[in-house]
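Engineer: any chance you can model this:
(one chain, ligands or ions: 1)
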Amino acid sequence: MRKVSAYLFYLFFAAVAATAPLTAQSILRDAETEAFFHEISDPLFLAAGLNPKDVKMYLLAETSLNAFVSGGQNIFINSGIIIKSDNVNQLLGVISHETGHISGGHLTRFGDVGKIAGNTSILSMVLGAAAILAGSPDAGIGLFMAGQSVALGQVLAYTRVQESSADQAGASFLEATATSGIGHIEFFEKIRHQEIMAQVRQDPYIRSHPLNSQRILALNGVVKTSKYYRKPPDPLLDEKFRRLKAKIIGFLYPPARTLNLYPISDTSPAARYARVYAYHKALEWDLALAEADALIALEPDNAYFYEIKGQILFENGKVRDALPIFEKAVHHAPDQPLVATALGQAMVSLEDPAMMDKAIPILKNATRQDSGNSFAWFNLAKAYSWNGKDAEASLATAERFYSAGVPPQAMMHARRALDSFSPGTPEWLRAQDIFFVSKEAVDRYNRQNKKRRRATSFKFSSSNQPN
Ligand SMILES: [Zn+2]
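Structural biologist: Numbering: from 1, shown residues only. The predicted structure follows:
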């Protein structure tokens, strides 16, 4: 076992060395973010003739500027886009443009999404996420797989024709949803000066979406003639945007930097939200709880404020206190599987068989709504295991690794589940599916790596030589 991880570790660093200075990407999962993305983007998708249910949006932990479409109808947005946008319309400008790439059927030579999805963190879990990244044996593999996609990402670039057509399509979707395209222009202005910088200092957005003056002029022409040109951003959406931006900054930035951006003199909900995360991250539990309570007092029906308060209590070891708070979060957001997962996790962590019986239906329901939620699968497997349901535990663990993009472990646990369930039952069939799909991925991975190791071994060893 040790030998295997050391081998994969080597491969990981070999891949990083080959793709430097780019780093692996991880997806941030968060109920509030995902609901917000769909709230602001679904009207654009409809205007583009797409089914909003088919378009998946992912937030990446990267703070550089980038957004791209991969694997058909998956939009990936770097946290940097949200952090550096001043208002919701600038973000909408970027999303409308990416929607233009989807509706235009612009193909990219990017790797498949499963590889990018290898490493997932949950935005509300500051310590949990850190533990997942640092301590989990599958984190290295997930990162490695993400690293591979980033390597492929280097060749990703739309043509100038595709860029202009995505601009024009995006502008028409904004027009159809009565939104000013000025945000898109403003976003261009933010990155314009980067055109002349050396590639390594540019944001990846510039490399994937080549910019030029002609393109900006053309878009300007369309946007300025719109009757919505001077229409300001929707105030409600813009407030949600400000909070989301604050939350992401609080989660990603060092606490001191967050507190610098959102000083205690700022008592807006967004600033308090940022500070909840900063204090939470700095292990200042009391300060974090005080800000969370201030937010709850302001909006007693806001599920996400209860979610973060519950998480602070939970990570502080006050699990019994966290339970009723998480229950309130679920009560106010009954259709949010990530919120339900937080409750399920707290229940499972009590290591009480009676609690497991309560947690299992909650977590099962969460995985039914969101099968890619490897954290829910992880907790469901634990609950089954506690109650002696080993076959179910094996299948849930196979699902966990399958959804986390770790085929070797998915294959191993699916094999166990196959041996435990009666052939032909739905569980057995599901285990069989996971087994074969994962085996195929492992075989493909091994074949590719043989090739890649031959290609990069020279570069890798020579870069370690002293000059
Ligand atoms: Zn583009």
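Engineer: for Val55, grab phi and psi.
Structural biologist: Per-residue torsions, Val55: phi -90, psi 120 (degrees, to the nearest 10).
Engineer: now it: closest residue in space that isn't a chain neighbour?
Structural biologist: Among residues not flanking Val55 along the chain, Gln73 sits closest, at 4.7 Å (C-beta to C-beta, 6 or more residues apart in numbering). The C-beta positions use only the backbone N, C-alpha and C, and glycine is treated the same way.
Engineer: output the set of residues of the protein in proximity to the ion.
Structural biologist: Tyr158, Glu163, Ala166, His209 (C-beta under 5 Å from the ion).
Engineer: thinking again about what came up before, my guess is the residue nearest to Val55 meets Thr99, correct?
Structural biologist: No. Using C-beta atoms under 8 Å as the test, Gln73 is too far from Thr99 to be in contact (9.5 Å).
Engineer: quickly list the domain ranges of the chain.
Structural biologist: Per automatic domain parsing, the structural domains of the chain span 2-225, 246-447.
Engineer: report how many residues lie close to the residue lying closest to Ala333 once chain neighbours are set aside.
Structural biologist: Distances taken as C-beta to C-beta, 6+ apart place Ala303 nearest to Ala333, at 3.5 Å, with adjacent residues excluded. Here the number of neighbours of Ala303 (other C-beta atoms under 10 Å) works out to 20.
Engineer: tell me how far Ala303 lies from Ile248.
Structural biologist: Ala303 sits 18 Å away from Ile248, taking C-beta to C-beta, to the nearest Å as the criterion.
Engineer: all helices of the stretch 251-400 of the chain, in order?
Structural biologist: 255-261, 269-281, 285-298, 303-315, 319-332, 337-349, 353-369, 374-386, 390-403 (DSSP state H, counting those that start in this stretch).
Engineer: reformat these as JSON lines; add mean pLDDT.
Structural biologist: Shown next, in JSON lines, are the helices of the stretch 251-400 of the chain (pLDDT from 0 to 100):
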{"stretch": "helix 255-261", "mean pLDDT": "97"}
{"stretch": "helix 269-281", "mean pLDDT": "96"}
{"stretch": "helix 285-298", "mean pLDDT": "97"}
{"stretch": "helix 303-315", "mean pLDDT": "95"}
{"stretch": "helix 319-332", "mean pLDDT": "97"}
{"stretch": "helix 337-349", "mean pLDDT": "94"}
{"stretch": "helix 353-369", "mean pLDDT": "95"}
{"stretch": "helix 374-386", "mean pLDDT": "93"}
{"stretch": "helix 390-403", "mean pLDDT": "94"}
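Engineer: so which of these comes closest to Met411?
Structural biologist: The closest of the helices of the stretch 251-400 of the chain to Met411 is helix 390-403. By C-beta to C-beta, the value is 8.0 Å.
Engineer: right, and the helix or strand after that closest one?
Structural biologist: Going down the chain from helix 390-403, the next helix or strand is helix 407-420, by DSSP states H and E.
Engineer: what's the offset of that following helix from the middle of its chain?
Structural biologist: 26 Å (C-alpha atoms, centre = their mean, to the nearest Å).
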